[in-house]
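[1] Predicted model and sequence below, questions to follow.
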Amino acid sequence: MHDAQQQRPARFLWRRFAAGAAAGIAVGLVALAAVLFYTFRGTTPRLTPQDFDAARQRWRQHGPRDYDLSIAQTGARAAAIEVSVRDGEVTALTIDGTTPSQRRTWYYWSVPGMFDVLERDLDAAEEEQLLLRADFDPATGYPRRYERAMLRTRQQTQWEVVRFATR
């Protein structure tokens with residue numbers, strides 16, 4: 001009788017523990033879903049291939065060859081970026097006031113370079129579980145805002161063109 005009395009409370013405690021663990025996991029999943037929803041819902045529209053193609057075409061038709069950009073980057077690598085483009089080529093670039101020594105990287109902060117980055121991300125979005133959002137200038141098509149979230153790791157990067165000036 002003594003062994004049976006000891007097994008009953010042990011089984012009861014184990015069931016309570018299992019039920020509590022299951023409830024905790026369920027609450028955790030609901031909380032994670034809520035965080036992801038509120039984090040990634042934003043007002044910036046989802047990036048679609050159709051919107052991307054239309055914006056790139058507007059840039060090719062109406063984009064200036066001489067312009068200056070001020071870009072605010074947030075997320076994993078926050079930075080203030082200043083870009084000058086003349087005759088379609090980046091002639092000056094600073095990131096947080098410092099000129100990067102690798103000139104080959106300068107291109108990616110021009111509007112055509114930004115489009116190349118967006119295109120590469122669009123191509124990889126499904127395989128890499130990326131959530132992409134972008135807002136384009138209605139007249140010239142340049143990307144005004146870009147948000148990239150890797151759902152697997154919850155890493156986020158955003159940049160926004162805070163100044164676009166033609167020369």
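    Received, thanks.

[2] Just give me the residue closest to the centre of the protein.
    Taking Cα atoms, centre = their mean, the centroid of the chain lies closest to residue 148, which sits 1.4 Å from it.

[3] Which strand residues bridge that one?
    Beta-bridge partners recorded for residue 148 (DSSP bridges): residue 132, residue 157.

[4] Hmm, residue 134 and it touching each other?
    No - at 9.2 Å, residue 148 and residue 134 do not qualify as touching, with contact defined as Cβ atoms under 8 Å. From N, CA and C alone the C-beta is placed, and that goes for glycine too.

[5] can you map out the strands along this structure?
    67-75, 79-86, 89-95, 130-136, 143-150, 155-166 (DSSP state E).

[6] mind giving me TSV with those strands and columns for mean pLDDT and distance to residue 53?
    Formatted as TSV, the strands of the chain follow (pLDDT from 0 to 100; distance: least, Cβ to Cβ, whole Å):
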stretch	mean pLDDT	distance to residue 53
strand 67-75	96	22
strand 79-86	98	22
strand 89-95	97	24
strand 130-136	96	11
strand 143-150	95	13
strand 155-166	95	20
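
[7] okay if I get the ones you listed as JSON lines plus distance to residue 121?
    Below are the strands of the chain laid out as JSON lines (distance: least, Cβ to Cβ, whole Å):
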{"stretch": "strand 67-75", "distance to residue 121": "14"}
{"stretch": "strand 79-86", "distance to residue 121": "18"}
{"stretch": "strand 89-95", "distance to residue 121": "20"}
{"stretch": "strand 130-136", "distance to residue 121": "6"}
{"stretch": "strand 143-150", "distance to residue 121": "6"}
{"stretch": "strand 155-166", "distance to residue 121": "10"}
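
[8] wait, what's in contact with the residue nearest to the centre of the chain?
    121, 130, 131, 132, 156, 157, 158 (Cβ atoms under 8 Å, 6 or more residues apart in numbering).

[9] if we can go back for a sec, quick one, which of the strands of the chain gets closest to residue 115.
    strand 143-150 (7.2 Å; Cβ to Cβ).

[10] ok, now which ones touch the closest residue to residue 106 other than its chain neighbours?
    Counting by Cβ to Cβ, 6 or more residues apart in numbering, residue 106 lies nearest to residue 90, which is 4.2 Å off, once chain neighbours are set aside. By Cβ under 8 Å, 6+ apart, residue 90 lies in contact with 83, 84, 106, 107, 109, 110, 113.

[11] what sits opposite the first one in the beta ladder?
    Translated: residue 83. Bridge pairing for residue 83 - DSSP bridges - gives residue 69, residue 93.
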